[in-house]
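Colleague: fold the following and give me the result.
(2 chains)
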Amino acid sequence: MIPYQAAIPASIMLHNQLSDEQLLQRYRQTADNTWLGYLLQRYTVLLLGVAMKYLKDKEAAHDAVQQIFLKSLTHLPTGTIVNFKGWLYVLMRNHCLQQLRDKVYLAPEEALLVVPSDDPDIEALRQKELSLQDMKEAMSLLAPEQRICIDSFYLQLKSYNDIMAATGFSFAQVKSFIQNGKRNMKIILCRKTSSKSHE
Amino acid sequence: MSDISRIWNDRPEDGSPLNEAQLLAYLEGKLTDEERRDIEERISQESMESDALEGLSALNPEETEVLKHRLNTGLHHAIKRKRTRRHAIWDQRWTWLALGLILMLAVLAYMVIIRARKF
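Modeller: As a prediction, this is how the structure comes out:
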């Protein structure tokens, strides 16, 4: 008896070893949706997580991911997609935000406020050789919650669980305070370095 | 105490992205301290993984597995339906060709009859 896998073409069995770009290229070359399916399936859990973050409801998140899959299968841009994962992330996030704006779901207002924004260029900050003193000063200007989370995570090397236990913050709050704190620190340092260069 | 410059040492987004298994293992608490730290440093920058982990933390592992299975099955069916529709058109190509020929012959016969009547 022939094993089941022997009947599957070797090219298809290898899909796990192909990069996103290679799978996308094969899909474009063959117009076979199976390749796009392999690619989308890689991101099922990530997409579900992103949808859950914004919609806060598992059935709504499931439906949103399903719609993104269908949209990708029918409306994938014909032009080059340099970063498929990034493209899918933006598509998913915009879809969720659109649903929230349509007020179909009664999601908390803060869900709209936590959309990641462009960060100041960290490379530019690195090149300006910031002193530790500058960084400590910037940290001292942060909101207390952000300062506590950044200090615990980066300086005391505590885990998220430890910080949650010590502060009573939720997982999402700890993550958000760290992310926002880092962004604010970058903004403070950018302002500081630009004012120094003007002097 | 550690060096404050660690704040900028997060791994780049385009490094080696976190995969599904790593995220689920993190949520289920199955990682070593070092692996857990590695994931937490990555999610401390804004990224798809960071958003996903926050959303997934609201589900228990069984729910995540059930939803993932439903979504992947739905995706598989959607692809199969699209392929079946395309195959159906291709498989019936001879029927469509025969119909076209019959139609052309009918038009031709009609024109011949009309001309014959004129003469």
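
Colleague: got any ranges where chain B has weak pLDDT?
Modeller: B:1-6, B:9-16, B:83-91 (pLDDT under 70).

Colleague: tell me which stretches of it form strands.
Modeller: In chain B, no strands are found when defined by DSSP state E.

Colleague: report the central residue of it.
Modeller: For chain B, B:L75 is the residue whose C-alpha lies nearest the centre (Cα atoms, centre = their mean; 6.4 Å).

Colleague: now that one: how far from B:L24?
Modeller: 19 Å (Cβ to Cβ, to the nearest Å). Bear in mind the C-beta positions are built from the backbone N, C-alpha and C, glycine included.

Colleague: now do A:L14
Modeller: For A:L14, the distance to B:L24 - Cβ to Cβ - is 24 Å.

Colleague: now do B:G100
Modeller: In terms of Cβ to Cβ, B:G100 sits 55 Å off from B:L24.

Colleague: same drill for those two, tell me which one is more crowded.
Modeller: A side-by-side neighbour count of B:G100 and B:L24, using other Cβ atoms under 10 Å in any protein chain shown, places B:L24 first with 17 against 10.

Colleague: so how far is A:F171 from that one?
Modeller: Where A:F171 is concerned, B:L24 sits at a distance of 15 Å (Cβ to Cβ).

Colleague: and what of A:Q67?
Modeller: With distances defined as Cβ to Cβ, the gap from A:Q67 to A:F171 amounts to 27 Å.

Colleague: ok, A:R93 next?
Modeller: A:R93 is 19 Å from A:F171, where distance means Cβ to Cβ.

Colleague: domain assignment for chain A?
Modeller: Following the assignment in automatic domain parsing, chain A carries domains at A:4-113, A:122-198.

Colleague: quick check: mean pLDDT of the last one?
Modeller: In other words, domain A:122-198. The pLDDT scores in domain A:122-198 average 83.

Colleague: please apply the same query to the first one.
Modeller: Mean per-residue pLDDT for domain A:4-113: 82.

Colleague: now the top helix by length along chain A, how far from the centre of its chain.
Modeller: Ranked by residue count under DSSP state H, the longest helix found in chain A is helix A:171-198. The chain centre lies 18 Å from the centre of helix A:171-198; the measure is Cα atoms, centre = their mean, to the nearest Å.

Colleague: what residues sit buried inside that helix?
Modeller: A:171-186, A:188-190, A:192-193 (16 or more other Cβ atoms under 10 Å in any protein chain shown).

Colleague: for stretch A:158-173, same thing?
Modeller: By neighbour count on 16+ other Cβ under 10 Å, the buried set for stretch A:158-173 is A:158, A:160, A:163-164, A:169, A:171-173.

Colleague: quote the end-to-end distance of that stretch.
Modeller: 15 Å (Cα to Cα, to the nearest Å).

Colleague: now do the contacts for A:D20.
Modeller: A:D20 makes contact with A:39, A:42, A:84-85, according to Cβ atoms under 8 Å, 6 or more residues apart in numbering or on different chains.

Colleague: which ones among those map onto helices?
Modeller: Secondary-structure check on these using DSSP H: residues within helices are A:39, A:84-85.

Colleague: the helices in the chain, which residues?
Modeller: I'll assume chain A. Taking DSSP H to define them, one finds helices in chain A at A:10-13, A:20-30, A:33-41, A:44-55, A:58-75, A:84-101, A:110-113, A:122-127, A:132-140, A:144-150, A:160-167, A:171-198.

Colleague: hmm, no, I was thinking of chain B.
Modeller: All helices of chain B, identified by DSSP H, fall at B:20-27, B:33-43, B:48-56, B:61-91, B:93-118.

Colleague: quick one: closest of the ones you listed to A:L23.
Modeller: Evaluated over the helices of chain B, closeness to A:L23 peaks at helix B:61-91, with 13.4 Å, by Cβ to Cβ.

Colleague: show me which positions of that closest one end up buried.
Modeller: Buried positions in helix B:61-91, judged by neighbour count with 16+ other Cβ under 10 Å: B:64, B:67-68, B:71-72, B:74-75, B:78-79, B:82.

Colleague: in TSV: those, plus distance to B:M48.
Modeller: Supplementary listing: the buried residues of helix B:61-91 in TSV, determined by distance: Cβ to Cβ, whole Å:
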residue	distance to B:M48
B:T64	16
B:L67	17
B:K68	16
B:L71	16
B:N72	18
B:G74	21
B:L75	18
B:A78	22
B:I79	23
B:K82	26
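
Colleague: chain A next: which of those are close?
Modeller: Under the cut-off given by Cβ under 8 Å from any Cβ of the partner chain, chain A has B:64, B:67-68, B:71-72, B:74-75, B:78-79, B:82 from the buried residues of helix B:61-91 close to it.

Colleague: A:K158 contacts A:A165, correct?
Modeller: No: judged on Cβ atoms under 8 Å, A:K158 makes no contact with A:A165 at a distance of 9.3 Å.
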